[in-house]
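Participant: structure for this input, please:
(4 chains)
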There are 2 protein chains.
Amino acid sequence: MRLALIQELKNCLTESVLVGAPTLDIAKTLMKSQDFDLVLIDPGLPGVNPISLFDRLSVIEQVVDASPSATHVVITGSDSVAEAGHCRRFGVAGYVGKTGLMRGLLAEVLQDISQNGFSIRTSPTDQLAADFHYSGLTGREQEILDCMRRRERGMKRKEVYEQIGDRIGVDPATVEKYYKQARAKLLRRGRLPDGI
Amino acid sequence: MRLALIQELKNCLTESVLVGAPTLDIAKTLMKSQDFDLVLIDPGLPGVNPISLFDRLSVIEQVVDASPSATHVVITGSDSVAEAGHCRRFGVAGYVGKTGLMRGLLAEVLQDISQNGFSIRTSPTDQLAADFHYSGLTGREQEILDCMRRRERGMKRKEVYEQIGDRIGVDPATVEKYYKQARAKLLRRGRLPDGI
DNA sequence: TGGAAAAGGGGTGCCGCCCTCCCTTTTTGA
DNA sequence: TCAAAAAGGGAGGGCGGCACCCCTTTTCCA
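Facilitator: As a prediction, this is how the structure comes out:
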């Protein structure tokens, strides 16, 4: 999970130094020795009773106290609006549910925080679908395929090309090319997922 | 977490098709519609009481029953030797603790399973350290730096070069070059972690 | 039924990563 | 003390991803 979040942060930050701590004690030691700009907290780590709200909030409070100058974002598997409220009172700037946390969402959250000072994204209870990966696809092809599978039904592909192209700063025709390339690869392997 | 595991599998499998399911129901539907060679199971997903051994084993049993022809590996945050034993009775081939699950370990587990039929890796309670990432490093540089930081003390760098080079199939001199490159980049940034 | 959307393919230039081989100077340790 | 280890750079080839350009044929639907 740490590695996945670090990967996400690498994609949306430039020239960043990232440190991952496997335990609360290691995290506190790190924060004593240096200052951080951004701290992500998962209060459900081993050693903490994930059911006890008190234990969870205690972890969050300890981290916030140890790094008062940083921006804090809580990322948890068992999220609730009530807990988000408590976190905000501690000075936490963002609260994100792990379930449904997809690529690029962390970037949106950081964007929200820099604009509004606070951002909260709880896990969606619907709209969950299996995600499909094929090792023969390049990064871009996979990314565009994901967007296409998540498009609202009735939406024309051409509109999606324009939307994606606008978002990633690429010619819509190029996006179309990538999508067709990805589709062709999957067809050759006979493994077309639904929604394509 | 799913994305991280899929990334891991992409690295150690060739020409693979990977599907990630966010819920147990979606997973069961998928397994009904097609056969899989390998199924990873995390019994601690939202909607399951992660404390209840009964609930956890129930999830594992349902997945195994739904994909009888596949190899099964349980990957969980709260791992125990007792649970591993129960899993094995269900026909599960691998049991891995999330904590301390580092890059390449999943490949070792799959290797073990293909040789011995079973593999178990519980979370280490010591030897935990912060991991360090800098976006200015290339993949190889980061990988070699990680290995160097995890080396046993007293071990000469030259030995590590040879060990890594042998493992990834690259000239030890090249590994040395990468390490020095990575070190130089970090020095220019003034952000040298411990153990380098 | 005619035009837009979609499917399907070929080619090109750029850039970053990976790997290799070359060199010098400083530090370490038996 | 003296050789091995380590630090610090320079140059270059191969390859793949990325973005852009071009083209034809088939399908959809208003």
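Participant: next secondary structure after the helix or strand hosting A:Val96?
Facilitator: Assessed by DSSP states H and E, A:Val96 sits inside strand A:94-97. Next in sequence after strand A:94-97, counting helices and strands by DSSP H and E, comes helix A:105-116.
Participant: I'd guess A:Leu30 is in a helix, am I close?
Facilitator: Yes. Applying DSSP: H, G, I helix; E, B strand; the rest coil, one finds A:Leu30 inside a helix.
Participant: ok, it touching B:Ala130?
Facilitator: Yes. With contact taken as C-beta atoms under 8 Å, A:Leu30 and B:Ala130 are classed as touching, separated by 5.8 Å. Glycine gets a C-beta too; all of them are placed from N, C-alpha and C.
Participant: and the pLDDT at the closest residue to A:Asp35 other than its chain neighbours?
Facilitator: Nearest non-adjacent residue to A:Asp35, counting by C-beta to C-beta, 6 or more residues apart in numbering or on different chains: A:Ser69, 5.8 Å away. Residue-level confidence at A:Ser69 comes out at 95, pLDDT.
Participant: could you measure from A:Ser69 over to B:Gly190?
Facilitator: Using C-beta to C-beta, to the nearest Å, A:Ser69 is found at 19 Å from B:Gly190.
Participant: same check, this time on A:Gly104
Facilitator: 31 Å.
Participant: same question, A:Val92
Facilitator: From A:Val92 over to B:Gly190 (counting by C-beta to C-beta), the distance is 29 Å.
Participant: of the two, which one has the most company?
Facilitator: Neighbours around A:Val92 and B:Gly190, counted as other C-beta atoms under 10 Å in any protein chain shown, are more numerous at A:Val92. The numbers are 22 against 7.
Participant: mind listing what that one touches?
Facilitator: A:41, A:60, A:64, A:72-74 (C-beta atoms under 8 Å, 6 or more residues apart in numbering or on different chains).
Participant: wait, A:Pro193 touches A:His133, no?
Facilitator: No. At 9.8 Å, A:Pro193 does not count as touching A:His133 under the criterion of C-beta under 8 Å.
Participant: joint contacts of the two?
Facilitator: Common neighbours of A:Pro193 and A:His133 (C-beta under 8 Å, 6+ apart) are B:Val19.
Participant: ok, those two, which is more surrounded?
Facilitator: Under the neighbour definition other C-beta under 10 Å, A:Pro193 and A:His133 were set side by side, and A:His133 has more, 20 against 16.
Participant: is the more buried one in a helix, a strand, or coil?
Facilitator: On the basis of three-state DSSP, A:His133 is classed as strand.
Participant: can you get me a residue count around the residue of chain A found nearest chain B?
Facilitator: Relative to chain B, the nearest point of chain A is A:Ala4 (3.7 Å; C-beta to the nearest C-beta). A:Ala4 has 18 neighbouring residues, counting by other C-beta under 10 Å.
Participant: again, but for A:Glu141
Facilitator: Neighbours of A:Glu141 (other C-beta under 10 Å): 21.
Participant: you'd agree it is up against A:Arg183?
Facilitator: No. Between A:Glu141 and A:Arg183 there is no contact under C-beta under 8 Å: 9.1 Å.
Participant: for stretch A:11-24, measure first residue to last.
Facilitator: 25 Å (C-alpha to C-alpha, to the nearest Å).
Participant: ditto for stretch A:94-103
Facilitator: 17 Å.
Participant: the longest strand along chain A and chain B, are they touching?
Facilitator: In chain A, taking DSSP state E as the definition, the longest strand is strand A:71-76. No. Applying C-beta under 8 Å from any C-beta of the partner chain, one finds strand A:71-76 separated from chain B by no less than 10.0 Å.
Participant: that strand vs helix A:105-116, what angle?
Facilitator: 140 degrees (axes from the mean of the first three to the mean of the last three C-alpha atoms, to 10 degrees).
Participant: who's in contact with strand A:71-76?
Facilitator: A:5, A:37-44, A:56, A:60, A:63-64, A:83-84, A:87, A:90-98, A:101, A:109-110, A:113.
Participant: make a PyMOL selection of the buried ones in those.
Facilitator: Only the buried entries of the contacts of strand A:71-76 go into this PyMOL selection, using 16 or more other C-beta atoms under 10 Å in any protein chain shown:
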select buried, chain A and resi 5+38+39+40+41+42+43+44+56+60+63+64+83+84+87+92+93+94+95+96+97+98+101+109+110+113
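Participant: low-confidence ranges in chain A?
Facilitator: Applying pLDDT under 70 to chain A picks out residues A:46-47, A:126-127.
Participant: interface residues of it facing DNA strand D?
Facilitator: A:138-141, A:168-171, A:173-174, A:177 (C-beta under 7 Å from any atom of the strand).
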